[in-house]
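> mind looking at a prediction? Sequence and model below.
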Amino acid sequence: MRSSLTYFVILSFVAVLDGSQFRCDYRFFSEAVGWLKLHRVPANWFDARLRCHLEGSKLASPSTQGLINAMKLLISEATGDMSCGIFTGIHATFSKGDFHTIEGVPLSQISHTWAAGEPDNFKDEESCIAMLPDGNVADVNCQEPLPYICYKENTKRMFMSNCGTTDTEYMFDSRTGSCYKFHTVPRTWSRAYMACSAEGGYLAIINSEEEARLIKEIFAKHPPASLLGNIWKAVAFVGFHDWNQHGEWLTIHGETLKEAGYDKFSGGEPNNATTGEFCGGVYRSGLFDDIWCENKYVFICEKSPDSLVCN
């Protein structure tokens, strides 16, 4: 009886994905056997790879005819000048000249056509591959910003949780009606902000004493010994910042901490102890701290259960 109940509960909280789902900002292409999203805002290759990874996908590579066709269609539909092409997941950033896709497929095993005059490794600084609107490819400087496409392959193992995401680390809490994820990979505050945003959420905003207790509980599930690396393990980034007005703390949604519903700092904080503590953190006690934005700490994301659900 207990196993049947458990099975029912699991089914009530997840749904098998089909071609219409994954994320509403992605588009399904049956020919590509997956979902794609064009990022029109240019980024360098490293940021493009990271953004796709944080969204739960990979930087797309024209490794099959289906993917090539889908990528060409997205480029053709885009507004603005796309003549310089888009970044692909094909790179040689680990070993110069050894081009592989993000998935590890060598360029030599991918059917491709070089654009006229390519590859030229201009100034010995071109270790990334771009796809042009006609489907041809060129080697480019990885640091030069270009648009890019993210790709999520459709597999039978993909499920949509009750948090409206395929990311099983997000957990729903009925006390607040929000979902939370504790990131054990430390990042700077801006990278933490990016990670939460890419996942369809935001750096957690504490709106009440009850939510502060919840954050304390989440932190307690990750004792210091479980966190790897030479980092300060007593604090995590959350969603408030001084917005470059040193001394005035606002949430990332523009409210004062008091307006948001919770403004309790630990004793003696904020103190800007190391000169530059302009980002928001929370201790294991659930009390706030001001911490250095460029240090790497663990962090907590929050999202609405329906923020990625397709209507």
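All right, it came through fine.

> and the gap between residue 124 and residue 82?
According to Cβ to Cβ, to the nearest Å, residue 124 stands 27 Å off from residue 82. For every residue, glycine as well, the C-beta is placed using N, CA and C.

> between those two, which one's more packed in?
Neighbours per residue, other Cβ atoms under 10 Å: of residue 124 and residue 82, the larger number sits with residue 82, 18 against 7.

> with adjacent residues omitted, what lies nearest to residue 119?
The shortest distance from residue 119 to any non-neighbouring residue, by Cβ to Cβ, 6 or more residues apart in numbering, is to residue 139 (4.0 Å).

> wait, what's in contact with that neighbour?
Contacts of residue 139 were listed using Cβ atoms under 8 Å, 6 or more residues apart in numbering, and they are 118, 119, 120, 121, 122, 126, 127, 128, 129, 130.

> tell me the helix or strand right after the helix or strand containing it.
Secondary-structure assignment from DSSP states H and E places residue 139 in strand 137-140. Downstream of strand 137-140, the next assigned helix or strand under DSSP H and E is strand 146-153.

> report all helices and strands that the helix or strand that that next one is followed by contacts.
Elements were assigned by DSSP H and E; along the chain past strand 146-153, the next helix or strand is strand 159-160. Using 3 or more Cβ pairs under 8 Å, 6 or more residues apart in numbering; DSSP states H and E as the contact test, the elements touching strand 159-160 are strand 15-16.

> before we move on, back to that, any idea of the pLDDT on the residue nearest to residue 119?
The predicted local distance difference test score for residue 139 is 98.

> the one 4 residues further on too?
pLDDT, residue 143: 98.

> residues contacting the closest residue to it other than its chain neighbours?
By the measure of Cβ to Cβ, 6+ apart, the closest residue to residue 143 outside its immediate chain neighbours is residue 44, 5.0 Å from it. Contacts for residue 44 (Cβ under 8 Å, 6+ apart) come out as 142, 143, 144, 145.

> residue 44 and residue 69: what is the separation?
Between residue 44 and residue 69 the distance, using Cβ to Cβ, works out to 27 Å.

> state the distance from residue 240 to residue 211.
Taking Cβ to Cβ as the measure, residue 240 and residue 211 are separated by 13 Å.

> which of the two has more residues huddled nearby?
Of the pair residue 240 and residue 211, residue 240 is the one with more neighbours under other Cβ under 10 Å, namely 27 against 22.

> what's across from the closest residue to that one other than its chain neighbours in the sheet?
Once its chain neighbours are removed from consideration, residue 240 has its nearest residue in residue 280; the separation is 3.5 Å (Cβ to Cβ, 6+ apart). In this structure, residue 280 has the following beta-bridge partners (DSSP bridges): residue 290.
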